[in-house]
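Asker: have a look at this prediction, sequence included:
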Amino acid sequence: MEASSEPPLDAKSEVTNQLVDFQWKLGMAVSSDTCRSLKYPYVAVMLKVADHSGQVKTKCFEMTIPQFQNFYRQFKEIAAVIETV
Amino acid sequence: MAAGEFEGGKPLNGLLNALAQDTFHGHPGITEELLRSQLYPEVPPEEFRPFLAKMRGILKSIASADMDFNQLEAFLTAQTKKQGGITSDQAAVISKFWKSHKTKIRESLMNQSRWNSGLRGLSWRVDGKSQSRHSAQIHTPVAIIELELGKYGQVYHAHSLPALHLLMLVFLLASDLSHHFKPH
């Protein structure tokens, strides 16, 4: 491990993937071939994760707004817990 | 067979349920013959077929336009006045069905239009200080997050792809998050 610009690899990185990038967008699906009047807001997320060899993979997924609110709530909980450790 | 000879009431409600399962919720194995024999056994197949097509068309129109109750009433009234349309009994059953199933059908339509994976589950764990065999450094607390990603609708098909498991994302949380996310 040389340059300090590299993301710090943790003991866990031997067996888990590391998050290296997180992008999001808020979209509104208006219409589709199966439903003319869709009106469906969603949050799309793109994650980049690196395994212990440094290989980076991209994962994309979408959430409905209620799902995103639950996602956000969980992360707030994680942040609160990690402060106490 | 005139529209009025098809019973409204329970058989029609059952038919609409089955049509919704087939058209929106992706339930397999719902055939025309199954529906006819279960719900309208006294109706010959060549008469059942156009009736089924008509009901499916009406349901799809209502769902596609995401009709509110005013639009629904206007639409169904127009259908009762048409040649070869529906009876007012049948209109009442359809109206009641849409009102109670609208939300669920809308949700399925949203899922159908989602071509990325959805988030099917999230679990997490926070670890305290840790150390690896190869490093003298003691590492700060980390959050490990498991995201379960998958495409909707695939659970119904035998040859579907399993849900993607994003195992153990290491999510480094420190008091200042931003420097972990800078591209490099």
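Answerer: Ah, there it is.
Asker: do you know how far B:Gln131 is from chain A?
Answerer: For B:Gln131, the distance to chain A (C-beta to the nearest C-beta, to the nearest Å) stands at 6 Å. From N, CA and C alone the C-beta is placed, and that goes for glycine too.
Asker: and for B:Arg36?
Answerer: B:Arg36 is 26 Å from chain A, by C-beta to the nearest C-beta.
Asker: correct me, but that residue touches B:Val43?
Answerer: Yes: counting by C-beta atoms under 8 Å, B:Arg36 touches B:Val43, with 6.4 Å between them.
Asker: identify the residue spatially nearest to the residue of chain A positioned farthest from its centre, adjacent ones excluded.
Answerer: Seen from the C-alpha centroid of chain A, the residue lying at the greatest distance (C-alpha atoms, centre = their mean) is A:Arg36, 30.0 Å away. Nearest residue to A:Arg36, sequence neighbours excluded (C-beta to C-beta, 6 or more residues apart in numbering or on different chains): B:Ser64, at 4.7 Å.
Asker: burial of the one you found, as a residue count?
Answerer: Residues lying near B:Ser64 (other C-beta atoms under 10 Å in any protein chain shown) number 17.
Asker: try B:Asp68
Answerer: The burial count for B:Asp68: 9, using other C-beta under 10 Å.
Asker: quick one: list the elements packing against the strand with the most length in chain B.
Answerer: For chain B, the strand that runs over the most residues, judged by DSSP state E, is strand B:117-127. On a contact count with 3 or more C-beta pairs under 8 Å, 6 or more residues apart in numbering or on different chains; DSSP states H and E, strand B:117-127 meets strand A:56-64, helix A:65-84, strand B:142-150.
Asker: that one: which residues count as buried?
Answerer: By neighbour count on 16 or more other C-beta atoms under 10 Å in any protein chain shown, the buried set for strand B:117-127 is B:117-120, B:124, B:126-127.
Asker: quote the end-to-end distance of stretch B:61-68.
Answerer: For stretch B:61-68, the first-to-last residue distance is 12 Å (C-alpha to C-alpha, to the nearest Å).
Asker: apart from its neighbours in sequence, what residue is nearest residue 49?
Answerer: Assuming you mean chain A. Distance criterion C-beta to C-beta, 6+ apart; nearest residue to A:Val49, sequence neighbours excluded, is A:Asn17 at 4.0 Å.
Asker: let me rephrase: I mean chain B.
Answerer: B:Glu32 (6.4 Å).
Asker: that neighbour: what's it in contact with?
Answerer: B:45, B:48-49, B:52 (C-beta atoms under 8 Å, 6 or more residues apart in numbering or on different chains).
Asker: ok, now A:Phe22?
Answerer: Counting by C-beta under 8 Å, 6+ apart, A:Phe22 touches A:45-48, B:181.
Asker: the helix or strand that contains it to strand B:142-150, inter-axis angle?
Answerer: Per DSSP states H and E: A:Phe22 is located in strand A:17-29. If you take axes from the mean of the first three to the mean of the last three C-alpha atoms, to 10 degrees, strand A:17-29 sits at 50 degrees to strand B:142-150.
Asker: buried ones in strand A:17-29, by neighbour count?
Answerer: By neighbour count with 16+ other C-beta under 10 Å, strand A:17-29 contains the buried residues A:17-21, A:29.
Asker: export the residues you listed to JSON lines and tack on pLDDT?
Answerer: Converted to JSON lines, these look like this (pLDDT from 0 to 100):
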{"residue": "A:Asn17", "pLDDT": "81"}
{"residue": "A:Gln18", "pLDDT": "83"}
{"residue": "A:Leu19", "pLDDT": "87"}
{"residue": "A:Val20", "pLDDT": "87"}
{"residue": "A:Asp21", "pLDDT": "89"}
{"residue": "A:Ala29", "pLDDT": "92"}
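Asker: brilliant, that's me finished.
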